[in-house]
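*Asks:* Here is the input, now give the coordinates:
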Amino acid sequence: MYHPVFEYASVSSTNYKARRLIENGERGPVWLRADEQKAGYGRSGKPWYSPVGNLYATFLFAPLCPLVCLPQLAFVAGLAACDTVSSLVGSAHSVEKFCRLKWPNDILCGVAKIGGVLVETISHNNKRFAIIGYGVNITSKPTIKGREFTAMQELGASPQPDELLGELDYKLYDYLKVWNNGINFDTIRTRWLRRSFPLGAPISVNISSSLVRGTFAGLTEAGALMLRLATGEVIFVNVGEVKVDW
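*Replies:* Presented below is the predicted three-dimensional model:
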């Protein structure tokens, strides 16, 4: 491990715990890992299934990048998770084909979700902090109608949560160096696209409660999703829920 780890038997959520630590003087970089979460959450505050056996961890640090670059951390964090899961599952498939990234923060194996990333930022005493939350299904998965999930155990790998975190720490450390506080985001963007679904894949995006269908046309230089409509027009999506229509 490059970074120290605070370990807990149970917390409301590791991201929430990180916020409290910042308010109490913690500056990082440091990991927080919990055996379970009682009130885990994902994007838009959606509940995150958090029983004992899976990975629930948050990386807390103070990035030195300009404010406009902070959203790029979701892509950095996703790449680290994708590579970590792939390396431990040890699939015969390539990273790009087997473990994929779905904009903006889902980690998929095939078309089934195996984990997710939630990046939040907080300002305290005139200093900005990033908290990167990870949830990865190791031994169990949620059951939600209309959605597919998987767990590492189903794919032939059963790492302990701390083992998975150790590998994730190395990957995240390397990708943060590549990113270099936003200077090399174009490299991150290119690598992210290699691990996403191919250009032209049919997708639908829930934007402000309206479902918009089209095909995946890539990412803008700032990381927005590019959605090509049937008319040929390309629209840019900064907030929305994506479904791959395969």
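
*Asks:* Break this structure into its domains for me.
*Replies:* 5-195, 202-244 (automatic domain parsing).

*Asks:* Just name the most buried of these.
*Replies:* Burial of these is given as mean neighbour count (mean count of other CB atoms under 10 Å); domain 5-195 ranks first at a mean of 18. Every C-beta, even on glycine, is put in place using the N, C-alpha and C of the backbone.

*Asks:* My guess is residue 102 contacts residue 197. True?
*Replies:* Yes - counting by CB atoms under 8 Å, residue 102 touches residue 197, with 7.1 Å between them.

*Asks:* Need the overlap of contacts for these two.
*Replies:* Listed as contacting both residue 102 and residue 197 by CB atoms under 8 Å, 6 or more residues apart in numbering are residue 244.

*Asks:* Columns mean pLDDT on top of the domains of the chain, output as JSON lines?
*Replies:* Listed next are these as JSON lines, based on pLDDT from 0 to 100:
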{"stretch": "domain 5-195", "mean pLDDT": "92"}
{"stretch": "domain 202-244", "mean pLDDT": "92"}
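
*Asks:* Secondary structure class of the residue nearest the centre of the chain, three-state.
*Replies:* Residue closest to the average C-alpha location in the chain (CA atoms, centre = their mean): residue 117, at 2.5 Å. Secondary structure assignment for residue 117 (DSSP: H, G, I helix; E, B strand; the rest coil): strand.

*Asks:* which residues does it contact?
*Replies:* Contacts of residue 117 (CB under 8 Å, 6+ apart): 74, 77, 78, 81, 105, 107, 132, 133, 134.

*Asks:* now those residues in CSV, with secondary structure?
*Replies:* Converted to CSV, the contacts of residue 117 look like this (three-state DSSP):
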residue, secondary structure
74, helix
77, helix
78, helix
81, helix
105, coil
107, strand
132, strand
133, strand
134, strand
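
*Asks:* which one of those sits closest to residue 54?
*Replies:* Here the nearest of the contacts of residue 117 to residue 54, counting by CB to CB, is residue 134; it sits at 10.1 Å.

*Asks:* The closest one is in contact with residue 48, isn't it?
*Replies:* No - with contacts defined as CB under 8 Å, residue 134 does not count as touching residue 48, sitting 10.5 Å away.

*Asks:* Now do the shared contacts for these two.
*Replies:* Joint contacts of residue 134 and residue 48 (CB under 8 Å, 6+ apart) are residue 116.

*Asks:* is it fair to say residue 8 lies in a helix?
*Replies:* No - assignment of residue 8 by three-state DSSP gives strand, placing it outside any helix.

*Asks:* How about it: what's its closest non-neighbour residue?
*Replies:* residue 34 (4.4 Å; CB to CB, 6 or more residues apart in numbering).

*Asks:* Which is the succeeding secondary structure element to the helix or strand harbouring the one you found?
*Replies:* Per DSSP states H and E: residue 34 is located in strand 30-37. Downstream of strand 30-37, the first helix or strand assigned by DSSP H and E is strand 55-61.

*Asks:* Please name the strands paired to that following strand in the sheet, noting orientation.
*Replies:* Sheet neighbours of strand 55-61, with direction, are listed as strand 30-37 (antiparallel), strand 127-136 (antiparallel) (DSSP bridges).
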